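Undergrad: with the input below, show me the fold.
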Amino acid sequence: MAGESLSDKVPAGVAAVAAIFFSSSAYVLVLGVAKLARPDSVSLSLGASLLHGLELAGPYAFLLAAVLGTLVGYGLLKLKNLARRAAIAIAVAGMIMLLPKVSATATDLSPRFFLAGSMIVIRVMIAWYLWQNSTTERFR
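TA: Below you'll find the predicted structure:
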């Protein structure tokens, strides 16, 4: 666009991280709405990989997580620094909460071990990318 400068464009990496937040939010939103509409339709454990124990609080925790994830994703697309910091905090918290799962499955090297390990790696990549000076400079 003519009036748009290079610094106003959303970097592809930021857009990818926002897409991860949006897709995760959509997933927990669908689970939360389904659980509210028909309590026996879905298991709360389906959200365990994203909510790390908070799924036990019920469908409202799913809805709250969906709203928070959507706000962070939208803030990332608008290049808001607060959203960048929130995304880093959420990624780091997710890494910390996944450590017991990886440690528990490390003895048998099952597919669950590699799945949990890959979830940690993805969160590390998100935090690392959003922490870099080149990315930080794009945020207001």
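
Undergrad: name the residues of stretch 122-136 that are buried.
TA: If you call a residue buried by 16 or more other CB atoms under 10 Å, then stretch 122-136 has these buried ones: 123, 126, 127, 129, 130, 135. The C-beta positions use only the backbone N, C-alpha and C, and glycine is treated the same way.

Undergrad: please disregard the earlier target; I meant stretch 9-23.
TA: Going by neighbour count (16+ other CB under 10 Å), the buried part of stretch 9-23 is 13, 14, 17, 18, 20, 21, 22.

Undergrad: and which of the residues you listed is nearest residue 111?
TA: Of all these, residue 111 sits closest to residue 20, with 21.5 Å by CB to CB.

Undergrad: tell me the secondary structure at residue 130.
TA: Here residue 130 is helix, with the state taken from DSSP: H, G, I helix; E, B strand; the rest coil.

Undergrad: look up how far residue 11 lies from it.
TA: Counting by CB to CB, to the nearest Å, the gap from residue 130 to residue 11 is 10 Å.

Undergrad: again, but for residue 26
TA: With distances taken as CB to CB, residue 26 is found 22 Å from residue 11.

Undergrad: for residue 15, what are its contacts?
TA: By CB atoms under 8 Å, 6 or more residues apart in numbering, the residues touching residue 15 are 76, 77.

Undergrad: pLDDT score for it?
TA: Looking at residue 15, its pLDDT stands at 96.

Undergrad: swap in residue 3?
TA: Reported pLDDT for residue 3: 47.

Undergrad: which one of the buried residues of stretch 122-136 is nearest residue 117?
TA: Nearest to residue 117 out of the buried residues of stretch 122-136 is residue 123 (CB to CB; 10.9 Å).

Undergrad: so what's that closest one up against?
TA: 91, 92, 94, 95, 98.

Undergrad: surely the second one meets residue 127?
TA: Yes. With contacts defined as CB atoms under 8 Å, residue 92 counts as touching residue 127 at a distance of 5.6 Å.

Undergrad: quick one on the thing from earlier: ok, of the buried residues of stretch 9-23, which one's closest to residue 61?
TA: Distances from residue 61 to the buried residues of stretch 9-23, taken by CB to CB, are shortest for residue 21, at 16.8 Å.
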